[in-house]
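Trainee: Got a predicted structure here, sequence first:
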Amino acid sequence: MTKLLAKLPFGPWRDAGPIVSVLRLSGVIGQAGAFRQGLTMSSMAGLIERAFAPKKQAAVALVVNSPGGSPVQSALIAKRIRDLATEKKVPVFAFCEDAAASGGYWLACAADEIWADESSILGSIGVVSSGFGAHEFIQRYGIERRLYTAGDRKVILDPFSPEREDGVAHLKAIQAEIHDAFKAMVRDRRGARLSGAEEELFSGAFWAGRRALELGLIDGIGDLRSVLRGRFGEKVRLRVVQEDKRWFRRMGFRVDAPVGAGALDGLAAALPAAALSAVEERALWSRYGL
């Protein structure tokens, strides 16, 4: 009878260790283009739900590797994680890889503890907007700019018109509001663990792991497996939560759908936009020397 019970499916799990769900938050935050899916609330909602679904699991681990992006999507994703952590009464650990900077650090702050590698880039608690000014270029080549608006401030940041002081002031005011929200979130989540002066912490600067630890931005230097084994024992089981890796499923394509000239033309037309989004993503990582 004992031998028979040992062969039953539930037999090997009797002495199994605690479960920790592992959710990867990797890439630029926000819409990234037709062929490069960024981190958004809509793309991550199902995965976040699945990460918190198991009953009686020991914790949820976030693997964060992001140079930032949309502050709105950062806030939405972090809030959903916190809401479920509170509802399920499950602790959350964040493990930072190459970078948890700007919006990436916002995501890491959704965890109760933040861990990183010595060479991880962390921080960049600030707000940035970028653009270009092409009004002199189009004038040089005799290009006439025709622009019609209802409302004199509708296009105060138009890149084909000379820069307006009121436009810059308006943008900086918006940036200040977003920065205040970012700072408030970091203060709330890190609390007394923050040890650096706010002028330094919230300057938009970024640091490697050891300095980030000194500033209280993280709780320790360590990797996911080592930290979780130290916390929950050698038998801890890591349950990786993954999306469907088949690219045609993620893009919403049907396997049995006919591929005609129209579909190929659409694909060719989308390639320049995909290339541009890849360049923009590369630029985000390059801010941190990565």
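Mentor: Received it, and whenever you're ready, just let me know what you need. Numbers count the residues shown, from 1 in each chain.
Trainee: and stretch 57-76, which residues are buried?
Mentor: The neighbour-count check on stretch 57-76 (16 or more other CB atoms under 10 Å) flags 57-71, 73-76 as buried. Using the backbone N, CA and C atoms, a C-beta is placed for each residue, glycine as well.
Trainee: from those, which ones fall inside strands?
Mentor: Per DSSP state E, strands hold the following members of the buried residues of stretch 57-76: Ala59, Val60, Ala61, Leu62, Val63, Val64, Asn65, Ser66.
Trainee: Isn't the fifth one up against Asp98?
Mentor: Same thing as Val63. No: with contact taken as CB atoms under 8 Å, Val63 and Asp98 are classed as non-touching, separated by 11.1 Å.
Trainee: Pick out whichever of the ones in strands among the buried residues of stretch 57-76 sits closest to Ala212.
Mentor: Of all those, Val64 has the smallest distance to Ala212: 12.9 Å, by CB to CB.
Trainee: is that closest one in a bridge, and if so with what?
Mentor: Bridge pairing for Val64 (DSSP bridges) gives the partners Leu25, Cys96.
Trainee: what about it, distance to Ala111?
Mentor: 8 Å (CB to CB, to the nearest Å).
Trainee: Identify the contacts common to those two.
Mentor: By CB atoms under 8 Å, 6 or more residues apart in numbering, Val64 and Ala111 have these common neighbours: Ala94.
Trainee: For the stretch 1-150 of the chain, give me the ranges with low pLDDT.
Mentor: Scanning the stretch 1-150 of the chain for pLDDT under 70 picks out the ranges 1-15, 32-36.
Trainee: The stretch 151-290 of the chain too?
Mentor: In the predicted model of the stretch 151-290 of the chain, residues 244-284, 290 satisfy pLDDT under 70.
Trainee: could you pull out the helices for it?
Mentor: For the stretch 151-290 of the chain, the helices defined by DSSP state H, counting those that start in this stretch cover 165-190, 198-201, 209-214, 224-232, 247-250, 261-286.
Trainee: Next up, the contacts around Val236.
Mentor: Applying CB under 8 Å, 6+ apart to Val236 gives the contacts Gly17, Pro18, Ile19, Val20, Ala58, Leu228, Arg229.
Trainee: That'll do, ta.
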